[in-house]
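Trainee: give me the fold of what follows.
(one chain, ligands or ions: 2)
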Amino acid sequence: MKTLLIKDCMILTMVEGEKPFLGDIWIVDGRIAKIGPSLEEEADRVILAKNRVAMPGLINAHNHASMSLLRAFSDDLKLMDWLDKKMLPAEARMTREDVYWGTTLGIAEMIASGTTAFADMYVHMDAVAQAVLDSGIRASLTRGMVFFEDDGGRRMAEALDLIDNWTGAGDGRITTMLGPHAPYTCPPKPLQGVIELARKRQIPLHIHLAETIEEGEKIRAKYNQTPTEYLHELGMFHDTHVLLAHAVHLNDSDVALLRGMRGGVAHNPVSNLKLGCGIAPVRELIEAGVTVGMGTDGAGSATTLDMFAEIKAATWMQKLKHGDPTVLPAEAALRMATIESAKLLAIDHEVGTLEAGKRADLILIDLDKPHLQPVHDIPALLAYSATGADVDTTIVNGEVLMHQRQFEAFHWEEIKREATARASRLVEGL
Ligand SMILES: N[C@@H](CCSC[C@H]1O[C@@H](n2cnc3c(=O)[nH]cnc32)[C@H](O)[C@@H]1O)C(=O)O
Ligand SMILES: [Zn+2]
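Mentor: Ligands and ions are numbered 1, 2, ... in the order given. Predicted coordinates:
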């Protein structure tokens, strides 16, 4: 039996209706055994957490972690130029080892900024899975598939290898999905095949949707439909759990098509802002009963994987769009980054709130700082003033991955050396 006791913190459980309270958290074999005031259990390790807030770890519902190698290499470009002229040529040079170290760099950033689980879509996914396993973080992994040039047979085989070989690995830390990349890279025939397979084997889907106006124009020209109608008509929203990334350009009838869907939307506000894509209809989706979580997208576009930046951007954008500061309040934005994202990854029965019986995925945020005093309202402080650098401790599955801002499971110097050397090779001459 392995035990950990966290003492004297303000606890924000993110369970609906529960106010923050002062107490302790007792963790046994990776799960929360008890939460409450003055727990006196014996523990192998005790963390004194005075002046800290304990909350569920943040869940990044859309990422391409390995693209951290391409951070700040091609900014301020249009999405299609960025993708075609910069990302795809650099990605064509990526080896399995590059993906391992790029993902590890991304994971290091996530752990350092309070993210305890992420959804990832990329290539060389066995290397991504290995990096997740080695680092101690939790992830839902997807082999991204484009079906441009060929029938995608090799991609499909790799996607199934990932699912068959890695689902449930690392004491359940790794889960998997099937990942057709986007409407504009997946023609109807292969996409229909993926949807049928997902339904038959009950595998969730992860796909980009309606990120730009250009995407809408492309799909309109080809199929005379909106991207959402295109997926809907192929049957994607019948009886399959779907994680939709972006969903920026949806009209009212698109939103209505998503009503009652399983899964939901990963909102990526910083990426959408930075690429000038637009403001997703988050309020309308939530009103239609669609689950809306939050992600960063890859650091190649977003530059940062700090979920606290997403939380701020999400609420600011909705307030601005609707001209109404009461829209998407602090607590709702924090919910999007925790329990709502957990629902998108289909792991909300295990993580996303702090409750006895759930996996111990949690973070401690240090409030002993000028920008986090006085403490009138904890959710408002966390949503509007905290940043990833205020995260003091990150715990996944009961394992302490960072404490007092020191990595416990990582050799930072090695990650930095590997990542910088590989990154320079990838972008040489581009
Ligand atoms: N190239 C692969 C598919 C990889 S899926 C992951 C892909 O998503 C791409 N990507 C990253 N961010 C975005 C985005 O915001 N929109 C669309 N694609 C993106 C990224 O460049 C990466 O190639 C194949 O041949 O099957
Ligand atoms: Zn993406």
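Trainee: mind listing the strands the helix or strand that contains residue 120 pairs with, and their directions?
Mentor: Element membership for residue 120, per DSSP states H and E: strand 115-122. As defined by DSSP bridges, the strand partners of strand 115-122 come to strand 58-63 (parallel), strand 138-145 (parallel).
Trainee: between these, which one is closest to residue 131.
Mentor: Closest approach to residue 131 among those (C-beta to C-beta): strand 138-145, 9.0 Å. Bear in mind the C-beta positions are built from the backbone N, C-alpha and C, glycine included.
Trainee: out of the strands paired with strand 115-122, nearest to ligand 1?
Mentor: Closest approach to ligand 1 among the strands paired with strand 115-122 (C-beta to the nearest ligand atom): strand 138-145, 2.0 Å.
Trainee: next secondary structure after the closest one?
Mentor: That would be, after strand 138-145 and using DSSP H and E, helix 153-166.
Trainee: distance to residue 186, mean pLDDT and mean neighbour count added to the strands paired with strand 115-122, as a markdown table?
Mentor: Converted to a markdown table, the strands paired with strand 115-122 look like this (distance: least, C-beta to C-beta, whole Å; pLDDT from 0 to 100; neighbours: other C-beta atoms under 10 Å):
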| stretch | distance to residue 186 | mean pLDDT | mean neighbour count |
| --- | --- | --- | --- |
| strand 58-63 | 17 | 99 | 31 |
| strand 138-145 | 7 | 98 | 26 |
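Trainee: make a markdown table from those strands and add distance to ligand 1 to it.
Mentor: Shown next, in a markdown table, are the strands paired with strand 115-122 (distance: least, C-beta to the nearest ligand atom, whole Å):
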| stretch | distance to ligand 1 |
| --- | --- |
| strand 58-63 | 9 |
| strand 138-145 | 2 |
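Trainee: helix, strand or coil for the closest residue to residue 182 other than its chain neighbours?
Mentor: In this structure, residue 182 finds its nearest non-sequential neighbour in residue 208, 3.9 Å apart by C-beta to C-beta, 6 or more residues apart in numbering. Secondary structure, DSSP: H, G, I helix; E, B strand; the rest coil: residue 208 is strand.
Trainee: who does the most centrally placed residue in the chain bridge with?
Mentor: Among the residues of the chain, the one closest to the centroid is residue 60, at 1.7 Å (C-alpha atoms, centre = their mean). Note on residue 60: beta-bridge partners residue 118, judged by DSSP bridges.
Trainee: how close does it sit to residue 202?
Mentor: Residue 60 sits 24 Å away from residue 202, going by C-beta to C-beta, to the nearest Å.
Trainee: ok, now residue 208?
Mentor: According to C-beta to C-beta, residue 208 stands 22 Å off from residue 202.
Trainee: which bits of the stretch 1-150 of the chain sit near ligand 1?
Mentor: Residues of the stretch 1-150 of the chain found near ligand 1 (C-beta under 6 Å from any ligand atom) are 64, 83, 87, 91, 121, 122, 123, 144, 145, 146.
Trainee: give me that answer again for 5 Å
Mentor: 64, 87, 144, 146 (C-beta under 5 Å from any ligand atom).
Trainee: correct me, but the first one touches residue 295?
Mentor: Translated: residue 64. No. Counting by C-beta atoms under 8 Å, residue 64 sits too far from residue 295 to count as a contact (10.1 Å).
Trainee: neighbour count for the two, which is higher?
Mentor: For residue 64 versus residue 295, neighbours defined as other C-beta atoms under 10 Å are more numerous around residue 295 (32 against 27).
Trainee: is it true that the residue nearest to the centre of the chain touches residue 341?
Mentor: Yes. Between residue 60 and residue 341 there is a contact under C-beta under 8 Å: 7.2 Å.
Trainee: which residues are in contact with both of the two?
Mentor: Here residue 60 and residue 341 have 117, 294, 295 as joint contacts, going by C-beta atoms under 8 Å, 6 or more residues apart in numbering.
Trainee: for ligand 1, state which of the residues you listed is nearest.
Mentor: Using C-beta to the nearest ligand atom, the shortest approach to ligand 1 within the shared contacts of residue 60 and residue 341 belongs to residue 295, at 10.3 Å.
Trainee: what about that closest one, distance to residue 105?
Mentor: Applying C-beta to C-beta to residue 295 and residue 105 gives a distance of 18 Å.
Trainee: starting at the chain centroid, how far to the helix or strand bottoming out on mean pLDDT in the chain?
Mentor: Averaged element by element with mean pLDDT, DSSP states H and E, the chain has its least confident helix or strand at helix 79-81 (a mean of 87). Distance of helix 79-81 from the chain centroid (C-alpha atoms, centre = their mean, to the nearest Å) equals 22 Å.
Trainee: cool, and stretch 28-35?
Mentor: Put simply, stretch 28-35 sits 24 Å off its chain's centre (C-alpha atoms, centre = their mean).
Trainee: what residues sit buried inside stretch 15-26?
Mentor: Across stretch 15-26, burial judged by 16 or more other C-beta atoms under 10 Å covers 20, 23, 24, 25, 26.
Trainee: need the contact list for residue 73.
Mentor: 86, 90, 300, 423, 427, 430.
Trainee: what about the helices in the stretch 101-250 of the chain?
Mentor: 125-135, 153-166, 188-201, 213-223, 227-233 (DSSP state H, counting those that start in this stretch).
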